[in-house]
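Q: Using only what follows, build the 3D model:
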Amino acid sequence: MAQDEASKRAGRGVEESVDVLELSRRRSRLGRRVQIGYVAAMMVGLPVAVSAFAESSGHVTAAPPSSAAQARGMVSGLPFRDPRNLNATTPRHLKLRLIAAATRFDLGGKEIWGDSYDGSYIGPTMHVQPGERVALTLVNKLPTATNLHFHGMHVSPSGSSDNPYISVPPGRSFVYHLNIPRDQPQGTFWYHDHDMCMGDEMMAMPGMPSTSPRSSSCADIESQIFAGLSGSIIVGDDRSLLPPALRDITAHTLVFKDLQVNKAGRILQNAGNVSIDSDKPTVRLVNGELRPVLTMRPGQTELWRLSNEGADIFYKLRLDGYRFTVIGQDGYPSAHVTTAGTLLLPPAKRYDVLVTASAHPSQTWLRTLALNTGPSGDSYPDAPLVKLRVAGAPMSPLAKPTGAVATAQPTLSDAHIARYRVLKPSESPDGSVMYINGKTFNMNKSIFSAPAVLGTVEQWTVYNESSEIHPFHIHTDHFQVMSINGVPQRYTGEQDIIPVPYKKKGRERDPGPGAGGSAADTFRLGCPNKATLIGRATDSTRTWPRPQQEAAANMGSDPATGHRSSHPRGCRAAVAAATGVFLAVALAACGSSSPSSSKVAVKRACQQVAAVLADGPDPGVDPVGYAEAQVLPLRQIRTPQKPLQQKIDELASAYHAFSSANGSRATKTAVTAASRQIDAVCPEAAQ
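A: From the prediction side, this is the model:
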């Protein structure tokens with residue numbers, strides 16, 4: 001297929017920029033078929049796809065053999081080896097070539113069939129530099145359509161760049177053009193198949209290409225990554241950002257992948273009545289090796305680039321007896337260097353860490369700890385991954401860095417929020433259809449009524465209404481995590497993927513998205529699980545369309561001044577936000593015990609209510625997110641029940657009066673529903 005024909009296959013909107021959000025759905029223990037669905041949004045005037053692993057009950061998953069049986073024939077304990085490099089030099093204009101083909105791998109002495117880039121189960125590591133121009137030819141020798149996604153890279157998501165709608169048919173080639181920004185952060189990224197043809201996945205999605213879902217020339221994303229189609233990208237060298245003594249230390253890349261092997265010696269694929277099930281036994285490999293041995297000298301410090309490049313499963317990493325010093329996350333240098341005993345890596349997660357060997361000869365294990373991702377998710381056993389052997393002549397320990405790593409992104413905590421948005425991924429009762437805000441994916445229509453404006457900062461609240469942890473990822477732009485279930489998160493750097501906790505019997509399970517990765521229960525009465533994110537809409541191409549004036553008009557603001565117009569939406573949004581504040585305050589104060597705090601809490605609540613009613617937040621505000629930001633300090637205040645009830649009644653009357661004068665029927669209904677919810681979660685308030 002010619003280059004221009006391949007571009008046409010990318011579908012409508014290729015000429016415009018595309019961001020993609022991914023919400024990864026883990027496995028059910030019901031043996032259902034795992035599939036991928038998409039839901040669209042519109043950002044910067046362009047399609048934004050949100051993907052979610054879902055389930056379909058039309059397939060039966062045959063249980064693979066035990067992990068030990070699948071690994072039989074593999075030799076463990078071989079010397080650790082880094083993935084091979086795709087290129088050794090990084091000129092200003094870099095030309096690369098990758099061949100995707102069915103391959104018989106030699107994994108620890110056992111021959112296994114899968115798919116590869118350039119013949120390796122672990123794709124060769126691509127090295128690029130900020131400001132570099134890359135022309136990468138993908139040669140497709142697979143029996144299926146395929147493509148490439150450059151995960152985490154701040155490059156154009158349209159045209160012949162990081163465009164997920166490009167599809168390269170079997171027997172054809174395609175040239176990707178990547179213009180790496182000069183300010184592209186240095187760190188660890190990765191590439192993998194992201195073909196949108198859907199393969200054997202049975203989701204019906206308006207606007208998608210008409211490729212037959214049963215076509216033998218269209219394998220799904222999960223199958224292609226699981227078969228081996230992924231590899232690392234190293235931008236620059238983040239050792240150069242460290243203090244001088246650390247700039248020449250040894251660096252290793254540790255790529256985590258798992259596989260399931262059938263009796264024919266082939267990596268399991270989604271086909272017919274067989275499907276991948278990550279809750280079933282699997283073999284975990286590091287750089288394609290089974291429990292390799294990595295040797296360090298006593299006192300030696302190394303940089304380990306940890307990257308989960310598998311299709312489905314989580315890793316909860318621990319190096320027994322050690323702590324990781326985190327200097328980068330998801331390819332971005334740390335704004336605050338931290339140490340951690342464990343690191344949680346959902347699929348696609350990366351950490352750059354410093355490890356200093358013990359002062360004396362010894363050995364220990366890098367392992368993944370047992371982890372349960374929720375009632376509808378997976379239950380992973382503890383498994384050793386790499387043996388660390390400390391031997392040889394001692395080295396003098398080096399001082400660890402502190403504070404911010406050079407070029408780390410500043411916090412957005414004090415930035416002006418141009419718009420608040422809410423994303424609520426959900427699914428049909430049988431798990432066969434996925435939604436975002438109640439809508440299925442449509443390539444030609446956004447779930448959002450207004451696009452983002454380049455250079456502005458938005459705050460998104462993402463709810464996980466399922467009963468398992470969901471990883472959440474945004475293409476092109478990183479983001480800052482503000483809170484998990486209302487608990488503020490310390491800013492240590494921007495990320496491109498986080499695990500959003502699940503809800504269980506009114507309790508919210510927090511998987512620990514920070515460096516620590518530990519699990520903890522938090523409580524919020526009647527509220528679903530959520531993560532609040534903040535990010536800037538930045539231009540990765542420097543030539544994205546959508547004039548500022550048009551975008552500003554869609555936002556209801558004056559492009560010259562940035563001031564909001566008196567659009568009718570503003571009044572309705574103000575009422576909604578006020579209701580959210582009222583509800584949040586009531587929930588915060590419910591179940592109280594300290595009379596001295598009651599008047600303070602209610603006075604502050606009334607002041608916040610008055611401020612919201614006087615000049616409400618911007619149109620499109622997320623009421624819950626706004627309320628959370630306003631009343632978070634009140635959550636620890638304990639107030640007595642009876643005085644609280646009197647104040648709640650006064651606030652309720654004020655809200656009802658305001659909504660009657662300014663609100664629609666829907667607003668009045670919302671206020672009534674809020675009052676009922678208060679009664680439901682605070683029974684004492686209804687007495």
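Q: And stretch 296-310, what's buried?
A: For stretch 296-310, the neighbour count (16 or more other CB atoms under 10 Å) marks 296, 298-310 as buried. For glycine as for every other residue, the C-beta is placed from the backbone atoms N, C-alpha and C.
Q: Among those, which one lies nearest to D118?
A: Of all the buried residues of stretch 296-310, E309 has the smallest distance to D118: 15.2 Å, by CB to CB.
Q: surely the closest one meets L229?
A: No - the criterion here is CB atoms under 8 Å, and E309 misses it with L229 at 9.7 Å.
Q: where do the contact lists of those two overlap?
A: H192 (CB atoms under 8 Å, 6 or more residues apart in numbering).
Q: Next secondary structure element downstream of whichever strand in the chain runs longest?
A: Secondary structure of the chain per DSSP state E: the longest strand is strand 93-107. Where DSSP states H and E defines the elements, the next helix or strand beyond strand 93-107 is strand 110-117.
Q: Quick one: mean pLDDT over that next one.
A: Mean pLDDT, strand 110-117: 97.
Q: List the buried residues for it?
A: For strand 110-117, burial by neighbour count (16+ other CB under 10 Å) applies to 110, 112-117.
Q: quick check, nearest of those to P394?
A: Closest approach to P394 among the buried residues of strand 110-117 (CB to CB): K110, at 37.6 Å.
Q: Look up the residues forming beta bridges with the closest one.
A: L107 (DSSP bridges).
Q: Same question for V390.
A: Applying DSSP bridges, one finds that V390 bridges with M296, S362.
Q: who are the neighbours in contact with it?
A: Neighbouring residues of V390 by CB under 8 Å, 6+ apart: 295-298, 357-358, 360-363.
Q: go on, H177?
A: Per CB under 8 Å, 6+ apart, neighbours of H177: 133-135, 159-161.
Q: just checking, it is part of a strand?
A: Yes - the assignment for H177 by DSSP: H, G, I helix; E, B strand; the rest coil puts it in a strand.
Q: Not counting sequence-adjacent ones, nearest residue to it?
A: For H177, ignoring the flanking residues on the chain, the nearest one in space by CB to CB, 6 or more residues apart in numbering is S160 at 4.9 Å.
Q: Using the three-state scheme, assign the one you found.
A: Applying three-state DSSP: S160 is coil.
Q: okay but G123 is in contact with P83, surely?
A: Yes - the pair G123 / P83 is scored as a contact, 7.4 Å apart, by CB under 8 Å.
Q: Return the set of buried residues in stretch 367-381.
A: For stretch 367-381, using 16+ other CB under 10 Å, the buried residues are 367-369, 371, 373-374, 376-378, 380.
Q: Same list (those) but as CSV, adding pLDDT.
A: CSV is the format used below for the buried residues of stretch 367-381 (pLDDT from 0 to 100):
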residue, pLDDT
R367, 98
T368, 98
L369, 97
L371, 96
T373, 93
G374, 90
S376, 85
G377, 90
D378, 93
Y380, 96
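Q: all strands for the stretch 351-500 of the chain, in order.
A: With strands called from DSSP state E, counting those that start in this stretch, the stretch 351-500 of the chain shows them at 362-368, 371-372, 379-380, 383-390, 417-423, 425-427, 434-436, 457-464, 470-474, 480-484, 487-488, 497-500.
Q: Give the pairing partners of the last one; include direction for each.
A: Sheet neighbours of strand 497-500, with direction, are listed as strand 470-474 (antiparallel) (DSSP bridges).
Q: mind saving the C-alpha coords of the partner strand as CSV?
A: Output of strand 470-474 as CSV, limited to C-alpha atoms (Å, rounded to 0.1, in the frame of the first residue of the first chain):
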residue,chain,number,x,y,z
HIS,A,470,-8.2,0.3,36.2
PRO,A,471,-5.0,1.7,34.7
PHE,A,472,-5.7,5.1,33.1
HIS,A,473,-3.5,6.5,30.3
ILE,A,474,-3.5,9.6,28.1
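Q: Relative to I234, how far out is V405?
A: Distance, V405 to I234, by CB to CB, to the nearest Å: 16 Å.
Q: how close does the residue nearest to H177 get to D193?
A: Distance from S160 to D193, by CB to CB: 17 Å.
Q: low-confidence ranges in the stretch 201-350 of the chain?
A: For the stretch 201-350 of the chain, the stretches with pLDDT under 70 are 201-217.
Q: on that earlier part again, adding distance to D258, write the buried residues of strand 110-117 out as a markdown table.
A: Shown next, in a markdown table, are the buried residues of strand 110-117 (distance: CB to CB, whole Å):
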| residue | distance to D258 |
| --- | --- |
| K110 | 15 |
| I112 | 13 |
| W113 | 16 |
| G114 | 12 |
| D115 | 15 |
| S116 | 16 |
| Y117 | 18 |
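Q: out of those, which one sits closest to Y420?
A: Among those, Y117 lies closest to Y420 (CB to CB), at 40.9 Å.
Q: Not counting its neighbours along the chain, what's nearest that closest one?
A: G123 (3.9 Å).
Q: which residues does that neighbour contact?
A: G123 makes contact with 83, 86, 98, 116-117, 191, 228-232, according to CB under 8 Å, 6+ apart.
Q: Can you list the residue ranges for helices in the stretch 1-150 of the chain?
A: With DSSP state H, counting those that start in this stretch as the criterion, the stretch 1-150 of the chain has helices at 3-9, 67-71.
Q: now, which of the contacts of G123 lie within strands?
A: Short answer: those in strands (DSSP E) are 98, 116-117, 191, 230-232.
Q: I'd like to know which of those residues is nearest to P181.
A: Nearest to P181 among those, counting by CB to CB, is Y191 at 17.2 Å.
Q: and that closest one, how many neighbours does it have?
A: Per other CB atoms under 10 Å, the neighbour tally for Y191 reads 27.
Q: how near is it to H151?
A: From Y191 across to H151, the span is 7 Å (CB to CB).
Q: joint contacts of the two?
A: In contact with both Y191 and H151: I233, using CB under 8 Å, 6+ apart.
Q: where does the stretch 1-150 of the chain dip in pLDDT?
A: 1-63.
Q: can you do 80?
A: Along the stretch 1-150 of the chain, segments meeting pLDDT under 80 span 1-64.
Q: Name the residues that touch stretch 358-368?
A: Residues outside stretch 358-368 that contact it (CB under 8 Å, 6+ apart) are 254, 284, 294, 298-299, 315-322, 380, 382-391, 394, 397.
Q: What residues sit buried inside it?
A: Under the neighbour-count criterion of 16+ other CB under 10 Å, stretch 358-368 has 358, 364, 366-368 buried.
Q: Closest to E289 out of those?
A: Comparing the buried residues of stretch 358-368 against E289 with CB to CB places L366 closest, at 12.5 Å.
Q: ok, now how distant is that closest one from D477?
A: 31 Å.
Q: D277 now?
A: Distance of D277 to D477, computed by CB to CB: 33 Å.
Q: Looking at the two, which is more packed in?
A: D277 (25 against 20).
Q: Sticking with the more buried one, tell me its helix or strand.
A: Going by DSSP H and E, D277 is not part of any helix or strand.
Q: Return the residues in contact with H149.
A: By CB under 8 Å, 6+ apart, the contact list for H149 reads 162, 164, 191-194, 475.
Q: switch the cut-off to 7 Å
A: Applying CB atoms under 7 Å, 6 or more residues apart in numbering to H149 gives the contacts 162, 164, 191-192, 194.
Q: just W190 next, same as before
A: Contacts of W190 (CB under 7 Å, 6+ apart): 151, 230-233, 307, 309.
Q: can we see that at 8 Å?
A: Under the criterion of CB under 8 Å, 6+ apart, the neighbours of W190 are 151-152, 230-233, 307, 309, 348, 350.
Q: From K387, how far off is it?
A: From W190 across to K387, the span is 25 Å (CB to CB).
Q: what distance separates the start and the end of stretch 238-253?
A: 13 Å (CA to CA, to the nearest Å).
Q: Mind listing the residues bridging to L98?
A: Listed beta-bridge partners, L98: L138 (assigned using DSSP bridges).
Q: close enough to count as contact, it and T137?
A: Yes - with contact defined as CB under 8 Å, L98 reaches T137; the gap is 7.3 Å.
Q: That concludes my questions; thank you for your assistance.
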